[in-house]
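**Student:** Next comes the sequence, and after it the predicted model I'd like to discuss.
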Amino acid sequence: MISTNIGSSLKVAAVQQTCSPDKNQSLATSERLIRKAAKDGAQLVVLQELHATQYFCQTEDTAIFELAEPIPGPTSNYLSGLAKELSVVLVGSIFERRMNGVYHNTSVVFDTDGSLAGLYRKMHIPDDPGFYEKFYFTPGDATFNDGRSGFTPIQTSVGKLGVLVCWDQWYPEAARLMALAGAEILIYPTAIGWDVTDDPDEQARQLEAWVTVQRGHAVANNLPVIAPNRVGIEPDPSGHSDGIRFWGNSFICGPQGEFLARANETDECILSVTLDRQRTESIRRIWPYLRDRRIDAYGDILKRVRD
């Protein structure tokens, strides 16, 4: 049985990396950085979204479905083995083939014994120029067969992880539902970047919005946030655009939105910090947002539009 007695502190790591068209090369990069994080004492290691491949959603191409894998499958088994060997909780990302015609953008969480602690299938799916994800991904289930919400934290030996994915980070509802279900950390594996033709002012606004909204989820729920993103310029395979420059800036912040670690926009790196596991409780005692919620007045939030 996996011990859950880990004390009041938790060392966590977020991996920021470039990705290759060669899946084996990308996974080798992930492994190298995971091993370094574990050697430095990380108990929880979080990888970015779709870290095993380049970001293939820049174009719509049915041949790309060949990249998808079942769970368990080659990539999940590979990550499971690393988690067990290094005795870390590992959050990875897989283009999942669930069945013929049903594919997901799926985060997988392996515990320190290599067992699959749980998975999260991305719920909000974008469809924008250069980010044609609706072509590839089916949204995650709103509820599981056992009645659990799709926004259910994953129990691990290091606590309950509120794993969400990229586009989910723009939705306060997702973060709040994870918090209400007992999540102790919010985790956002991400693949986001700039159109390389955008002017510097627009790039700055987009980056600041991305950082701010996630820090807002930390503040509004009194939870630390781990947000790893990729770096590097990846070309558009169709040649219809100049590709995406992934802006990195991975960060870890505390439950008041304070930066604990932040990466730059160009370099592969590991962000590593030690979280105080008692801070959420301490802050909620003096900023009791959850106590003061007017749940009797929020019914209209379930409507698409208020007329």
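**Tutor:** Received the coordinates, thanks.
**Student:** what about the helix or strand hosting residue 273, average pLDDT?
**Tutor:** Using DSSP states H and E, the element containing residue 273 is strand 269-276. Strand 269-276 shows a mean pLDDT of 98.
**Student:** Counting neighbours, which bits of whichever strand or helix holds residue 75 end up buried?
**Tutor:** Secondary structure assignment for residue 75, by DSSP H and E: helix 74-86. By neighbour count on 16 or more other Cβ atoms under 10 Å, the buried set for helix 74-86 is 75, 76, 78, 79, 80, 82, 83, 84, 86. For glycine as for every other residue, the C-beta is placed from the backbone atoms N, C-alpha and C.
**Student:** so who does the nearest residue to the third one once chain neighbours are set aside touch?
**Tutor:** This means residue 78. Once flanking residues are discounted, residue 78 sits nearest to residue 27: 6.3 Å by Cβ to Cβ, 6 or more residues apart in numbering. Residues in contact with residue 27 (Cβ atoms under 8 Å, 6 or more residues apart in numbering) are 51, 52, 75, 78.
**Student:** longest helix anywhere in the chain?
**Tutor:** helix 200-221 (DSSP state H).
**Student:** For that helix, buried residues please.
**Tutor:** Neighbour-count burial for helix 200-221 [16+ other Cβ under 10 Å]: 203, 206, 207, 210, 211, 214, 215, 217, 218, 219, 220, 221.
**Student:** Then stretch 174-190?
**Tutor:** Result for stretch 174-190 [16+ other Cβ under 10 Å]: buried residues 174-179, 183-190.
**Student:** Present those residues as CSV; the columns should include pLDDT and distance to residue 242.
**Tutor:** Output for these, formatted as CSV (pLDDT from 0 to 100; distance: Cβ to Cβ, whole Å):
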residue, pLDDT, distance to residue 242
174, 98, 31
175, 98, 33
176, 98, 37
177, 97, 38
178, 98, 36
179, 98, 39
183, 98, 38
184, 98, 41
185, 98, 36
186, 98, 33
187, 98, 31
188, 98, 26
189, 98, 25
190, 98, 21
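**Student:** What about these, which are in helices?
**Tutor:** Using DSSP H, those in helices are 174, 175, 176, 177, 178, 179.
**Student:** so where do the helices sit in this structure?
**Tutor:** Going by DSSP H, the chain shows helices at 23-39, 74-86, 172-180, 200-221, 279-286.
**Student:** Tell me how many other residues crowd residue 138.
**Tutor:** 17 (other Cβ atoms under 10 Å).
**Student:** Which residues are in contact with it?
**Tutor:** 98, 102, 103, 104, 121, 125.
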